[in-house]
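Enquirer: here's a sequence, model it:
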Amino acid sequence: MIARALRDAGNEVIYSGLHQTPEQIVATAIDEDVAAVGLSSLSGAHLTLFPKVVRLLREAGAGDIVVFGGGIIPDNDVKVLEQAGLAGVFGPGTSLTEITDWVAANVPPP
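Expert: A predicted model of the protein is given here:
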């Protein structure tokens with residue numbers, strides 16, 4: 001749903017599918033020369049996987065790529081994720097408009 005909403009809002013979206021490793025996500029982001037990576041987690045692994053994507057991007061010299069995420073993210077975990085380098089975190093109930101507006105304001109155009 002979010003990928004489609006971002007497309008409908010005029011963004012180019014590359015959807016890599018479910019069950020991608022952080023390494024695969026980073027490789028795709030670099031190969032496709034993206035401005036941002038949006039992550040989603042419904043499994044509760046966000047505290048492990050999201051920061052790993054940020055770390056791997058930085059290690060690859062791509063720390064300028066904006067990383068944001070959402071899913072089932074407890075309020076207590078938002079600050080931890082922001083401290084790990086996520087630029088935006090969206091929890092349950094966030095409207096699609098809020099997310100697309102945030103992307104428009106926080107992701108540099110290509």
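Enquirer: mind checking the SS state of F68?
Expert: strand (DSSP: H, G, I helix; E, B strand; the rest coil).
Enquirer: beta-bridge partners for it, please?
Expert: G38, G88 (DSSP bridges).
Enquirer: residues touching it, list them.
Expert: 36-39, 86-90, 102-103, 106 (CB atoms under 8 Å, 6 or more residues apart in numbering). Any C-beta I mention is one placed from the backbone N, CA and C, and that applies to glycine too.
Enquirer: now tabulate those in a markdown table and tack on neighbour count and distance to I72.
Expert: Shown next, in a markdown table, are the contacts of F68 (neighbours: other CB atoms under 10 Å; distance: CB to CB, whole Å):
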| residue | neighbour count | distance to I72 |
| --- | --- | --- |
| A36 | 18 | 21 |
| V37 | 25 | 19 |
| G38 | 21 | 15 |
| L39 | 20 | 13 |
| L86 | 23 | 15 |
| A87 | 17 | 19 |
| G88 | 22 | 16 |
| V89 | 21 | 12 |
| F90 | 20 | 11 |
| W102 | 15 | 19 |
| V103 | 21 | 20 |
| N106 | 13 | 22 |
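Enquirer: what is the nearest of the residues you listed to P51?
Expert: L86 (7.8 Å; CB to CB).
Enquirer: can you give me the buried ones in stretch 17-33?
Expert: Buried positions in stretch 17-33, judged by neighbour count with 16 or more other CB atoms under 10 Å: 22, 25-26, 29.
Enquirer: nearest to P74, of the residues you listed?
Expert: For those, the nearest to P74 is P22 (20.7 Å; CB to CB).
Enquirer: next, that closest one: phi, psi?
Expert: phi -60, psi -40 (degrees, to the nearest 10).
Enquirer: that one against K52, yeah?
Expert: Yes. With contact defined as CB atoms under 8 Å, P22 counts as touching K52 (4.2 Å).
Enquirer: could you report the pLDDT at P110?
Expert: On the pLDDT scale, P110 is placed at 74.
Enquirer: go on, G17?
Expert: Reported pLDDT for G17: 89.
Enquirer: can you tell me the SS state at it?
Expert: coil.
Enquirer: equivalent analysis for the one 3 residues further on, please.
Expert: In the three-state summary, Q20 is assigned as coil, counting by three-state DSSP.
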